[in-house]
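Asks: the amino acid sequence is not available; the structure is as follows:
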């Protein structure tokens, strides 16, 4: 790639890499918290090349390994590997990457206890205003105990242990998203799928597909992610009538996943069809139900409707979804904060600076940690400072400091 693009300016290199990876301009711009018009101006050379922090975000959105791929400058060989944006990344990395060749047989592992611990870790993740710190503290031991159990148990207990370990790896992917490098996310998701296959359970397989699809979508493999969750839905379809609520919820979760992925591919009709399919499934679930991992249920479908509308640059539809639902009904502080962030993106697309600010403030009040971890939150906060105008300048600077921007 470097030889092929040698001598070309940064904007042209960004455009060439974006087109080569099959990403649309609105999708990449949305991932870094800017407008498609801004990215077009960068690509066409009508704006100065982005600063280093924005180049890093663009590099992550485009899935490059090294910033020199964007800049063409060998002196800017800043690696995007092994990133650690939170203190929990290092201990989780150590647990995931460790190779324990020998294990002690005593005390004997208990597969049921392991499953309970995994469930409690997910509950901690959803309930905490500092989800990465709280759930991340539980994961290293849970992963090690799960790996030990799969080595020592056999038969049905071993399959249960693999299901619990798949759950731990799945939660690791959620905790590490946006704060760790893509290589570690890939490893967590791959091990989640491997454990799900060993568990030999349709629900665990479908849940693992949802996890792996998250990583594929975020690293430029949207088509692969869509096919994966479509296959997962097909695995569950024979069990929808006679299976559990979790079975139906995981089918719906993968429909929501497909909807977001198709929206980022620009396939509006297919995205809305998948969203409608998921919404119909919520009616088949008990009132107030939410899947332990994915939180699939009526509020979650509303959240996805907002995200899909924003990704399709239909901000009016996003606001309509928000007005029709109860945003505070989502049983996860991280998801709730991210929902308000999605709504802030919608207001930002409309050029409504005051509503963008107030919505971002609401998101940050729910979970400042989640907003500090999310690049779109930081980018929106920075944009409010630099482009929001005098009416919001003071509050925008305070918000920027809350989400971790320095020097504002």
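Replies: Done, it's in. Model, not experiment: these values are computed from the prediction. Numbers count the residues shown, from 1 in each chain.
Asks: residues contacting residue 165?
Replies: 114, 118, 143, 146-147, 149-150, 195 (Cβ atoms under 8 Å, 6 or more residues apart in numbering). Heads up, the C-betas are built off the backbone N, CA and C, glycines and all.
Asks: ok, the residues you listed vs residue 21, which is closest?
Replies: residue 195 (29.2 Å; Cβ to Cβ).
Asks: who are the packing partners of whichever strand or helix holds the closest one?
Replies: Assigned by DSSP states H and E, residue 195 belongs to helix 182-199. The helices and strands touching helix 182-199, judged by 3 or more Cβ pairs under 8 Å, 6 or more residues apart in numbering; DSSP states H and E, are helix 89-97, helix 155-176, helix 202-218.
Asks: list the contacts of the shortest one.
Replies: Put plainly, it is helix 89-97. Counting by Cβ under 8 Å, 6+ apart, 83-84, 136, 139-141, 143-144, 169, 172, 175-176, 179-180, 184, 187-188, 191 sit against helix 89-97.
Asks: buried residues in that helix?
Replies: 89, 92-93, 95-96 (16 or more other Cβ atoms under 10 Å).
Asks: next: the second one.
Replies: Residues of helix 155-176 classed as buried under the neighbour-count rule (16+ other Cβ under 10 Å) are 157-176.
Asks: got it, and the last one?
Replies: Of the residues in helix 202-218, those buried under the neighbour-count criterion (16+ other Cβ under 10 Å) are 202-218.
Asks: helices and strands around it, which ones?
Replies: helix 155-176, helix 182-199, helix 222-236, helix 245-264.
Asks: dump these to TSV, plus mean pLDDT and distance to residue 307.
Replies: Listed next are those as TSV, based on pLDDT from 0 to 100; distance: least, Cβ to Cβ, whole Å:
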stretch	mean pLDDT	distance to residue 307
helix 155-176	97	16
helix 182-199	93	19
helix 222-236	94	14
helix 245-264	95	6
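Asks: thinking again about what came up before, quick one: the contacts of residue 165 as JSON lines, columns for neighbour count too.
Replies: Listed next are the contacts of residue 165 as JSON lines, based on neighbours: other Cβ atoms under 10 Å:
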{"residue": "114", "neighbour count": "26"}
{"residue": "118", "neighbour count": "27"}
{"residue": "143", "neighbour count": "24"}
{"residue": "146", "neighbour count": "28"}
{"residue": "147", "neighbour count": "21"}
{"residue": "149", "neighbour count": "23"}
{"residue": "150", "neighbour count": "24"}
{"residue": "195", "neighbour count": "25"}
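Asks: what sits against residue 385?
Replies: 393, 396-397, 400, 405, 408.
Asks: thinking again about what came up before, out of the contacts of residue 165, list just those in helices.
Replies: 114, 118, 143, 146-147, 149-150, 195 (DSSP state H).
Asks: closest to residue 289 among the residues you listed?
Replies: residue 118 (19.4 Å).
Asks: who's in contact with the closest one?
Replies: 142, 146, 164-165, 167-168, 171.
Asks: so how far is residue 381 from it?
Replies: Taking Cβ to Cβ, to the nearest Å as the measure, residue 118 falls 34 Å from residue 381.
Asks: doesn't residue 125 fall inside a helix?
Replies: Yes. The assignment for residue 125 (DSSP: H, G, I helix; E, B strand; the rest coil) places it in a helix.
Asks: pretty sure it sits against residue 334.
Replies: Yes. With contacts counted by Cβ atoms under 8 Å, residue 125 reaches residue 334, the gap being 7.0 Å.
Asks: show me which of those two is the more surrounded one.
Replies: Neighbour count, other Cβ atoms under 10 Å: between residue 125 and residue 334, residue 334 has more, with 27 against 23.
Asks: quick one: that one from residue 369, how far?
Replies: Counting by Cβ to Cβ, the gap from residue 334 to residue 369 is 8 Å.
Asks: overlap in contacts, those two.
Replies: Joint contacts of residue 334 and residue 369 (Cβ under 8 Å, 6+ apart) are residue 131.
Asks: how about this structure, which residue sits the furthest from its center?
Replies: Distance from the C-alpha centroid of the chain peaks at residue 106, with 37.8 Å (Cα atoms, centre = their mean).
Asks: Validate this expectation: that one resides in a strand.
Replies: No. Assessed with three-state DSSP, residue 106 is coil; it does not lie in a strand.
Asks: domain ranges for the chain?
Replies: For the chain, automatic domain parsing gives the domain ranges 10-76, 89-335, 336-408.
Asks: tabulate those domains (a markdown table), appending distance to residue 4.
Replies: What follows is the domains of the chain, written out as a markdown table (distance: least, Cβ to Cβ, whole Å):
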| stretch | distance to residue 4 |
| --- | --- |
| domain 10-76 | 8 |
| domain 89-335 | 18 |
| domain 336-408 | 28 |
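Asks: least confident of these, on average?
Replies: Among those, domain 10-76 carries the lowest mean pLDDT, a mean of 81.
Asks: so how far is that one off the chain centroid?
Replies: 20 Å (Cα atoms, centre = their mean, to the nearest Å).
Asks: on that earlier part again, in helices only, show me the contacts of residue 385.
Replies: 393, 396-397, 400.
Asks: select only the buried ones of those residues in ChimeraX?
Replies: In ChimeraX, this line selects whichever of the ones in helices among the contacts of residue 385 come out buried by 16+ other Cβ under 10 Å:
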select :396,397,400
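Asks: just name the closest of the ones in helices among the contacts of residue 385 to residue 310, please.
Replies: Closest to residue 310, out of all of these and judged by Cβ to Cβ, is residue 396, at 20.4 Å.
Asks: what number of residues lie near residue 116?
Replies: Neighbours of residue 116 (other Cβ under 10 Å): 12.
Asks: right, and the helix or strand after the helix or strand harbouring it?
Replies: Residue 116 belongs to helix 111-127 when assigned by DSSP H and E. Proceeding C-terminally, helix 111-127 gives way to helix 131-136 as the next helix or strand, assigned by DSSP H and E.
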